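Enquirer: Sequence first, then the predicted structure, then my questions.
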Amino acid sequence: AGPLDSYAPVTQERLEKPEDANWLQYRRTYDSWGYSPLSQVNAGNVKDMVPVWSFSTGVNEGHQSPPVVNNGVMFITTPQAQVIALDAKTGDLLWRYKRELPEDLTQLHPTNRGVALLGDKVYVGTVDAFIVALDAKTGKVVWEQPVEDYQAGYYITMAPLAAKGKVMVGMSGGEFGIRGFLAAYDAETGEPAWKTSTIPGPGEPGHETWAGETWKTGGAPVWITGSYDPATGLSYWGTGNAAPWMADQRAGDNKWANSVVAIDVETGKMKSAHQYHWNEAWDWDEVAAPILVDVQRDGRTYKSLVHAGRNGYLWTLERSGDEIKFIDAKPFVRQNVFKSLDPKTGRPTYDETKVPGTGKRADFCPSLWGGKDWPPVAYNPQTRLMYIPANENLCGYLEGRQTEYEPGQLYIGVAISDIGMTVHPGADHIGELQAWNLDTGEKVWTQKFEKSQNWGPVLTTGGGLVFMGGTNDRYFRAFDAKTGDKLWETRTNSGVTGVPVSYEVDGVQYVAVQSGWGVDAQRKQEKLAQLGYATLDVPQGGVVWVYALRK
Ligand SMILES: O=C(O)c1cc(C(=O)O)c2c(n1)C(=O)C(=O)c1cc(C(=O)O)[nH]c1-2
Ligand SMILES: [Ca+2]
């Protein structure tokens, strides 16, 4: 008998209060902490961790999904939206779902970031813009729904979010001039429940921040799983770049691109929003979900949203009732675009020489991949530190050209040859793992990675550890959560851009992660190689790695 025989349905209660042994959703908990309370593996013994099993997916490109684990059953996804169920203890293959993709599908971002679980079903979004519900026991399709038209540049890379009987997904396509949105489906039947655009339509507040018809093709995609606050029923999602990239082709603030939006899970109503930076010009998608954490400031506790931005600033906002209020923000990497922030609203003022435009080259820091891209931060309630996978010392340039919208065609307004990246003169490293105290707003420690960028999602545990890969040398590492000291490292087949997790089966704690370099980690690596900074060739190929203490 395998673990599927006694598959435990995933209830709302379990999602809100998961057993320590399990990792039931993208960041494990709705607050997006990426924290496992398990402590069998700790700072004292992590040096004795060894691989206990591995599994080749047989797929190339970016393997980014967390191994989601429910009572000994593991679900991973691969590029092309395959879903694979494995015995989390032995590595036995239980079932595999393979999707037939349309032949004319072009994939700008060939990846998938994982499943959501609810009841006895497993949910996945697909690159041809479907949402699919599978039977957790068999991998058979229970229902599927087209969410939008892939031929118009819509696609899904994120793991869905499941809450209150609904399963929610957001749309990628910011580089294709989509009009971004979130959509919810009845988890049981697949009936569409609601659809909410991230760009306000005529008559909605914020519509006036788009010149003319630009709102129809303005981007503002959502491509990373949001956070959810069960106390208020609100979900919080980050939104991506406005389209085309050239800001002077869409005058106005362009709400709600590059923002966090609060969406009522029941109704889909947008209750509030905060725009990190207006009239975006640098492809700084702010899609990473804010973590929900109570921070202390000046003797008060704030229910906050904390977001380490692609724009290079660490943002602390207050989520209070139906409002999102600015608390503070400060750069966590070299940033030369914002001259100042309004102390009340957080609205930045720009150095105009750093804003690219149509026929106007501008150089700016950080690079278009930002202080960090999508890889999630982690927060540890024991250290009260937040861990940021950052990239320092990178800048970039863009020069725009006039562009016409055509459905399904790239709509960025920049020739590929006019997209540049530069390394800051004299830089001795790029990749960093930073630890921040959110109560004092101070950085506590930094680990630096020479000769590599960092594209590593972060896990932190009750054993006082931080786990992360992300470097071009194919290592996966553990650090002391308090001090940042490197305690353990192990070499993998490829580069690790997968989300690491921890779980327990039969009294043994495991740490699991997918290795499988691709997508923008690879593009960025190639740019760095052209610059002569880091010439390593990182091989592709997806493998799930599972580690435990040596017996
Ligand atoms: O605007 C968009 O819709 C969109 C989508 C995606 C995606 O879905 O993966 C990426 C980006 N933008 C993007 O700007 C970006 O840097 C990026 C990196 C990656 C990746 O998988 O490594 N995806 C995406
Ligand atoms: Ca983008």
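Expert: Right, received. Where do you want to start? Ligands and ions are numbered 1, 2, ... in the order given.
Enquirer: ok now do residue 293, which residues does it touch?
Expert: Counting by CB atoms under 8 Å, 6 or more residues apart in numbering, residue 293 touches 31, 33, 304, 306, 379, 386, 438. Quick note: C-beta positions are derived from backbone N, CA and C, even for glycine.
Enquirer: part of a helix, is it?
Expert: No. Judged by DSSP: H, G, I helix; E, B strand; the rest coil, residue 293 forms no part of a helix; its state is strand.
Enquirer: Distance-wise, check it relative to residue 415.
Expert: Here the criterion is CB to CB, to the nearest Å. By it, residue 293 lies 42 Å from residue 415.
Enquirer: So what pairs up with residue 170 in the strands?
Expert: Counting by DSSP bridges, residue 170 is bridged to residue 182.
Enquirer: gap between it and residue 255?
Expert: Taken as CB to CB, the span from residue 170 to residue 255 is 16 Å.
Enquirer: What's the end-to-end length of stretch 14-23?
Expert: End-to-end distance of stretch 14-23 (CA to CA, to the nearest Å): 10 Å.
Enquirer: taking the mean pLDDT, what do you get for it?
Expert: Averaged across stretch 14-23, pLDDT comes to 98.
Enquirer: Report the buried residues of it.
Expert: Buried residues in stretch 14-23, counted by 16 or more other CB atoms under 10 Å: 14-15, 18, 21-23.
Enquirer: tell me, how many neighbours does the residue nearest to residue 125 when sequence neighbours are not counted end up with?
Expert: Distances taken as CB to CB, 6 or more residues apart in numbering put residue 156 closest to residue 125, at 3.2 Å, once the chain neighbours are dropped. Other residues within reach of residue 156, judged by other CB atoms under 10 Å, total 29.
Enquirer: which residues touch residue 156?
Expert: With contact set as CB under 8 Å, 6+ apart, residue 156 has these partners: 125-127, 129-131, 147, 169-172, 223.
Enquirer: Just those residues: which are in strands?
Expert: Of the contacts of residue 156, the ones assigned to strands by DSSP state E are 125, 130-131, 169-170.
Enquirer: Closest to residue 58 out of those?
Expert: Closest approach to residue 58 among these (CB to CB): residue 125, at 21.1 Å.
Enquirer: Switch the contacts of residue 293 over to a markdown table; also include secondary structure.
Expert: Output for those, formatted as a markdown table (three-state DSSP):
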| residue | secondary structure |
| --- | --- |
| 31 | coil |
| 33 | coil |
| 304 | strand |
| 306 | strand |
| 379 | strand |
| 386 | strand |
| 438 | coil |
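Enquirer: Would you map the strands across the stretch 401-550 of the chain?
Expert: Remark: strands assigned in the stretch 401-550 of the chain by DSSP state E, counting those that start in this stretch are 414-423, 431-437, 442-449, 458-461, 465-468, 475-480, 486-491, 501-505, 508-515, 543-549.
Enquirer: CA atoms only for the fifth one, dumped as PDB, please.
Expert: Taking Å, rounded to 0.1, in the frame of the first residue of the first chain, the C-alpha atoms of strand 465-468 are listed here in PDB:
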ATOM      1  CA  LEU A 465      18.300  27.400   9.200                       C
ATOM      2  CA  VAL A 466      18.000  29.100   5.900                       C
ATOM      3  CA  PHE A 467      18.200  27.000   2.700                       C
ATOM      4  CA  MET A 468      18.900  28.400  -0.800                       C
END
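Enquirer: pLDDT below threshold where in the stretch 1-150 of the chain?
Expert: Within the stretch 1-150 of the chain, no range satisfies pLDDT under 70.
Enquirer: Closest one of the contacts of residue 293 to residue 212?
Expert: Distances from residue 212 to the contacts of residue 293, taken by CB to CB, are shortest for residue 306, at 35.9 Å.
Enquirer: wait, that closest one sits on residue 288?
Expert: No. Under the criterion of CB atoms under 8 Å, residue 306 is not in contact with residue 288, lying 10.5 Å apart.
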